[in-house]
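Participant: predicted coordinates and the sequence they were generated for:
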Amino acid sequence: MTLTAIRTSDTQVQVEQTAYTFANKEDADAFQQCLVNGTVGSCHHDHLLVSMRPVRADERVDDPNRDSTISPSLGSDTAM
């Protein structure tokens, strides 16, 4: 079975509909390399994750608003 793995950042790899986040780039690199010949289960077991989360079907990797947070205004723009 062929897996679709997309590198979404230095520390995150998306495999099918799951995003795997690692502590550093080297761990993400090792996980992605493991996927070449291994299964998601074995690679997940062999490489320590920080987190994993499901990816929405309509979530695009190139969406600039992906994983962003919009903070509410903390008040007016008046100078003191």
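Facilitator: Nice, I can see it.

Participant: let me see the ranges of the strands in the chain.
Facilitator: Counting by DSSP state E, the chain has these strands, from start to end: 5-9, 12-15, 18-21, 51-54.

Participant: out of these, indicate the one that is most buried.
Facilitator: strand 12-15 (a mean of 20; mean count of other C-beta atoms under 10 Å). The C-beta positions use only the backbone N, C-alpha and C, and glycine is treated the same way.

Participant: pLDDT on that one, on average?
Facilitator: Confidence over strand 12-15, taken as the mean pLDDT, stands at 96.

Participant: residue contacts, the nearest residue to residue 6 once chain neighbours are set aside?
Facilitator: Leaving aside its sequence neighbours, residue 6 sits nearest to residue 14 (C-beta to C-beta, 6 or more residues apart in numbering; 4.5 Å). Residues in contact with residue 14 (C-beta atoms under 8 Å, 6 or more residues apart in numbering) are 5, 6, 7, 8, 20, 55, 61.

Participant: what's the closest of the strands of the chain to residue 42?
Facilitator: Taking C-beta to C-beta as the measure, the strands of the chain were each checked against residue 42, and strand 12-15 came out nearest at 12.5 Å.

Participant: partner strands of that closest one, parallel or antiparallel?
Facilitator: When sheet partners are counted by DSSP bridges, strand 12-15 sits next to strand 5-9 (antiparallel), strand 18-21 (antiparallel).
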